[in-house]
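>>> model this:
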Amino acid sequence: MNNYWKESVNIILVSPTLTSIDGSVKCDYDVLTIGGTASAGSLQSASYVLPGGQLDASDFSYNWWQLFDRLGVSSTSLDSFSASVSQRPPIITENLLVDELKRCSSNSEEVLVDTDIALRICAIRHVFQQTGLLLVNYLRILLVHRKSHKYVDKNQTIEYRKRVTQSPQLFPEMCETFDLLPDLWSLNEWWNWLTPSSVGRSPRFDTMYYLCALDSQQPSMSGQLWSSPVTLLNNRHNGHYILSPIHVYELSRLLNFETIVGLKEFARKRQIEGVQRWQPILTMYTDGAIATLPGDDYYPTRVEVFADKQAQSYSLSLREMRAKSCRLNRIELMGTNSDVVVNIDMPSKHIRPVCQYYERHTICANL
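Below is the predicted model:
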């Protein structure tokens, strides 16, 4: 089926910092990004992205219900992911992959797992594929089912990581083999982003973001970068790597939190408000571009999510366009660099990104 976009997840994975806190970085946690070689023609040598990837049919597999039941996970516990959440985006309520799976299914008695659960499984699977880290809940198995998990040695982990990367459907098999319960409860809904229709990239992605705070420090492996949010954002300007504009926006939210405990508590309490799906609207200017977001003075009242439209161009600079605006919620793009410019309150009780530079701080202070 040729859908308008692919559904995917990204996970903001944070852990206690491995380095001592100095006066310049007031933050006791690091966030994980994964390094990758830039595409041909890129102005930079590499990019860093949050872990994540595309939703797969195996994330909805009926086998997950069987595993949850065998490990003593109650339906009430699983229902809690959606029952108490007030605002659900289309990736949950109108999931394209779910519709396709139902149309193609030859077994009407097999019940797919709920989308809230499948998206979390997807995030946990991609973290395992990309880092080798297994986000599983051993304590819940011990307390609820009164049994210990089977030991997974290093060689088995390496082998299954290779196999699951090639065949995602082997992830539920692995969890069943070793009585591994994906720690769905450690992932808190964060936000939902839809690729703009005017970027000229195929496919587009409808991406759910989750935040997960780990309890212990994590060593940095090859291809991984654990860094404080402010360091990660600042060092992108040295030319060694780039960050996507959406990642810059979400990492800028983290600048509000100095402690991992505070961040974790905020995410846990806020997620009951649900998330909105935001589609940036791109417009071109003399010295760059702007990705306008909901709440901004120049965000259109009617947004076409399906039609492919070219970005409109204007003979103004980014600074001039900013001066014409009172309510700002946008990402200013200059080559491969991007800056967040926000001065409005966030919906769904979310937190406003921190504008990093002095000029931005002046804007953000003038509500």
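
>>> give me the number of residues near R322?
17 (other C-beta atoms under 10 Å). No exception for glycine: its C-beta is placed from N, CA and C like everyone else's.

>>> Point out where the stretch 1-150 of the chain drops to low pLDDT.
Scanning the stretch 1-150 of the chain with the threshold set as pLDDT under 70 gives 1-3, 18-25, 36-45, 84, 106-109, 139-150.

>>> And the helices in it?
Assigned by DSSP state H, counting those that start in this stretch, the stretch 1-150 of the chain shows helices spanning 62-70, 75-83, 90-93, 96-104, 115-131, 138-140.

>>> closest to N343 out of those?
With distances scored as C-beta to C-beta, the stretch of the helices of the stretch 1-150 of the chain nearest to N343 is helix 90-93 (27.9 Å).

>>> got the contact list for that closest one?
7, 82, 115-116, 119, 192, 206, 208, 277 (C-beta atoms under 8 Å, 6 or more residues apart in numbering).

>>> Quick check: the farthest pair among those?
Counting by C-beta to C-beta, the most remote pair of the contacts of helix 90-93 is S82 and D206, 17.5 Å apart.

>>> Compare these two and say which is more crowded by neighbours.
Using other C-beta under 10 Å as the criterion, S82 and D206 rank with D206 on top: 25 against 15.

>>> sec struct for the more buried one, please.
Using DSSP: H, G, I helix; E, B strand; the rest coil, the structure places D206 in strand.

>>> give the contact list for it.
5-8, 90-91, 96, 192-195, 277.

>>> let's see 7 Å
Contacts for D206 (C-beta atoms under 7 Å, 6 or more residues apart in numbering) come out as 5, 7, 91, 194.

>>> Would you mind checking which of these is nearest to R253?
Distances from R253 to those, taken by C-beta to C-beta, are shortest for L194, at 18.1 Å.

>>> The nearest residue to the closest one once chain neighbours are set aside - how many residues pack around it?
Once flanking residues are discounted, L194 sits nearest to Q279: 4.2 Å by C-beta to C-beta, 6 or more residues apart in numbering. By the measure other C-beta under 10 Å, the count of residues near Q279 is 19.

>>> can you tell me which strand in this structure is longest?
Counting by DSSP state E, the longest strand found in the chain is strand 5-16.

>>> quick one: low-confidence ranges for the stretch 201-350 of the chain?
Ranges of the stretch 201-350 of the chain meeting pLDDT under 70: 201-202.

>>> Apply 90 and report the result again.
Within the stretch 201-350 of the chain, the set of residues satisfying pLDDT under 90 comprises 201-203, 216-223, 235-241, 304-311, 335-337.

>>> all strands of it, in order?
Along the stretch 201-350 of the chain, the stretches classed as strands by DSSP state E, counting those that start in this stretch are 204-213, 224-227, 277-278, 281-285, 288-292, 312-313, 329-334, 337-342.

>>> now those as CSV including distance to L187?
Formatted as CSV, those follow (distance: least, C-beta to C-beta, whole Å):
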stretch, distance to L187
strand 204-213, 4
strand 224-227, 19
strand 277-278, 18
strand 281-285, 29
strand 288-292, 26
strand 312-313, 37
strand 329-334, 25
strand 337-342, 24
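
>>> one step back: and the contacts of D206 as a markdown table, adding neighbour count and distance to R327?
A markdown table is the format used below for the contacts of D206 (neighbours: other C-beta atoms under 10 Å; distance: C-beta to C-beta, whole Å):
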| residue | neighbour count | distance to R327 |
| --- | --- | --- |
| W5 | 18 | 28 |
| E7 | 23 | 30 |
| I91 | 26 | 27 |
| L194 | 20 | 21 |
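
>>> which one of those residues is nearest K26?
L194 (33.6 Å).

>>> give me every residue that touches that closest one.
5, 204, 206, 277-279, 305.

>>> What's the local residue count around S222?
Neighbours of S222 under the rule other C-beta under 10 Å: 5.

>>> Could you do the one 5 residues further on as well?
Other residues near S227 number 21, with proximity taken as other C-beta under 10 Å.

>>> re earlier: so which of the contacts of D206 comes closest to Q271?
I91 (14.9 Å).
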